[in-house]
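Enquirer: no sequence for this one, just the structure:
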């Protein structure tokens, strides 16, 4: 999966985001409408619950015949990924933050074909991305583009202030990054033309799909808009 993964339309979802609906239903709707990557993320679920969520989402991806096209990642929990894999669940990799398990450790235990994403550092972002060792990193997650209720501590500086990412900064980041960049943090369909113009490789959302009245319709709008804008930029 490491050689073919696609982060262009990326859903992050956990039970606290779905308005009481099953995570597998939200993920299934998103994948059916063109989403290319799903990350299971929860700060309230137990390890066992996360394993079962991963199983449910893996089953949904498989039922649509997209195991080789849609990557399934788990946020932060290397133990959950390893346990799920040992139980025969197809989890393709992990996404970690700066204060989580080091990417080199993830690579050691998950192997060369795993997808490993890293949240780009908030402070001195561009210098960090230019100089960090990317041998074990497959993509960077950057943001927030806007303040977001699903992760209010996202993108804080050392003083606890939220640092929002400007389009100019994201354009520079996309140009200098040695790895693909996916951007999130309150992203909506109306943001996608500008993100595509900035040259990033994709977007990630939580509530724009998981909190929508019709998750499938919301996912279709996002995925179709991105495809149209991104393909138009490539042709131009």
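Expert: Good, I have the coordinates. All values derive from a computational prediction rather than experimental measurement.
Enquirer: Going by neighbour count, which residues of the longest helix along the chain are buried?
Expert: When the chain is scanned for its longest helix (criterion: DSSP state H), the result is helix 215-235. Under the neighbour-count criterion of 16 or more other Cβ atoms under 10 Å, helix 215-235 has 215-216, 218-223, 225-226, 229-230 buried. In this view, the C-beta of every residue, glycine as well, is placed from N, C-alpha and C.
Enquirer: ok, now stretch 76-83?
Expert: Quick answer for stretch 76-83 (16+ other Cβ under 10 Å): 76-78, 80-83.
Enquirer: Check these and tell me the two furthest apart.
Expert: 76 and 83 (13.8 Å; Cβ to Cβ).
Enquirer: Is it correct that residue 38 is in contact with residue 13?
Expert: Yes. Residue 38 is within contact range of residue 13, at 6.9 Å (criterion: Cβ atoms under 8 Å).
Enquirer: shared neighbours, the two?
Expert: 27, 30 (Cβ atoms under 8 Å, 6 or more residues apart in numbering).
Enquirer: Which helix or strand lies directly C-terminal to the helix or strand of the chain with the lowest mean pLDDT?
Expert: The weakest-scoring helix or strand in the chain, judged by mean pLDDT, DSSP states H and E, is helix 125-131 (a mean of 84). As assigned by DSSP states H and E, the chain's next helix or strand after helix 125-131 is strand 139-142.
Enquirer: And the next helix or strand past that next one?
Expert: Following strand 139-142 in sequence, per DSSP H and E, is helix 167-176.
Enquirer: For that following helix, buried residues please.
Expert: Neighbour-count burial for helix 167-176 [16+ other Cβ under 10 Å]: 170-174.
Enquirer: Next SSE downstream of it?
Expert: strand 181-183.
Enquirer: so how far is the helix or strand containing residue 57 from its chain's centroid?
Expert: Following DSSP H and E, one finds residue 57 within helix 47-63. In terms of Cα atoms, centre = their mean, to the nearest Å, the centre of helix 47-63 is set 16 Å apart from its chain centre.
Enquirer: outside of it, which residues touch it?
Expert: 14-15, 22-24, 27-28, 31, 38, 40, 42, 45, 67, 70, 72, 74, 77, 79-81, 83-84, 87, 89-91.
Enquirer: Over to stretch 137-148?
Expert: 2, 5, 7, 93, 95, 103, 115-120, 125, 129, 151, 154-155, 162, 164-165, 170, 173, 177, 179-187, 191, 195, 200-201, 204, 206-207.
Enquirer: Can you flag the buried ones in those?
Expert: 5, 7, 93, 95, 103, 115-120, 125, 129, 151, 154-155, 162, 165, 170, 173, 177, 180-187, 191, 195, 200-201, 204, 206-207.
Enquirer: For the longest helix of the chain, name the packing helices and strands.
Expert: Here helix 215-235 touches strand 9-13, helix 23-32, helix 192-198, strand 202-205, helix 207-210, going by 3 or more Cβ pairs under 8 Å, 6 or more residues apart in numbering; DSSP states H and E.
Enquirer: For the second one, give the mean pLDDT please.
Expert: Pointing back at helix 23-32 there. Averaged over helix 23-32, pLDDT sits at 98.
Enquirer: Just the buried residues of it, please?
Expert: Buried, per 16+ other Cβ under 10 Å, within helix 23-32: 23-24, 26-32.
Enquirer: Including distance to residue 56, could the residues you listed go into TSV?
Expert: Below are the buried residues of helix 23-32 laid out as TSV (distance: Cβ to Cβ, whole Å):
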residue	distance to residue 56
23	6
24	4
26	11
27	8
28	9
29	13
30	13
31	12
32	15
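Enquirer: Excluding chain neighbours, give the residue nearest to residue 184 in space.
Expert: Among residues not flanking residue 184 along the chain, residue 204 sits closest, at 3.7 Å (Cβ to Cβ, 6 or more residues apart in numbering).
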